[in-house]
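> For reference, the sequence and a predicted model appear below.
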Amino acid sequence: MRKVTIYTDGACSGNPGPGGYGAILIDVESGKKLEIAGGDANTTNNRMELMGVIEALSLLKMPCDVTLYTDSKYVVDAMKLGWAKKWQKNNWMRNKTDRAKNPELWEKLLSLCDIHHVTFSWVKGHADNPMNNRCDEMAVQKSKEYSTKA
């Protein structure tokens with residue numbers, strides 16, 4: 001199985017507001033890197049965090065062994081602690097009264113994790129991780145581009 005390292009980040013100016021995501025995919029064997037970024041004019045930070053992960057995983061053409069780094073506790077905890085699968089099993093309810101947010105994005109992410117073996121790792125944001133900082137830079141830039149389109 002091909003090994004891939006992915007870094008992702010999301011940003012939002014206002015919550016909701018214009019937002020962006022950035023991701024870097026690295027083929028571990030060859031060292032080849034690919035940077036991607038995107039955004040939306042009216043979104044939330046958590047949606048952009050999820051979109052960075054989803055868009056990066058969607059680019060993989062075959063099942064891969066992925067180590068994914070993000071500064072989003074929302075994404076890491078929901079996947080590592082099994083919250084997303086529990087929400088899905090409970091018809092996208094977090095508990096008896098609260099609906100899970102972003103169910104369509106969680107559905108996509110869970111489907112991608114059925115294809116790839118993904119290990120989610122949390123990194124401290126805005127710290128000394130150059131790849132996370134680059135993802136943040138791309139996410140903020142996209143957020144700014146979408147704020148001028150609104």
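All right, it came through fine. Numbers count the residues shown, from 1 in each chain.
> So which bits of the helix or strand hosting Ile24 are buried?
In the assignment (DSSP states H and E), Ile24 maps to strand 17-27. By neighbour count with 16 or more other C-beta atoms under 10 Å, strand 17-27 contains the buried residues Gly17, Pro18, Gly19, Gly20, Tyr21, Gly22, Ala23, Ile24, Leu25, Ile26. All C-beta spots, glycine's among them, are computed from the backbone N, C-alpha and C.
> Which strands and helices lie in contact with it?
Strand 17-27 makes packing contacts with strand 2-12, strand 33-43, helix 45-58, helix 130-149 when contacts are defined by 3 or more C-beta pairs under 8 Å, 6 or more residues apart in numbering; DSSP states H and E.
> Could you list the buried residues of the first one?
Buried residues in strand 2-12, counting neighbours by 16+ other C-beta under 10 Å, are found at Val4, Thr5, Ile6, Tyr7, Thr8, Asp9, Gly10, Ala11, Cys12.
> Hmm, the fourth one is touching Ile24, no?
Yes. If you go by C-beta atoms under 8 Å, Tyr7 and Ile24 touch, sitting 4.6 Å apart.
> what's the overlap in contacts for those two?
Overlap of the contact sets of Tyr7 and Ile24 (by C-beta atoms under 8 Å, 6 or more residues apart in numbering) consists of Met131, Arg134, Cys135.
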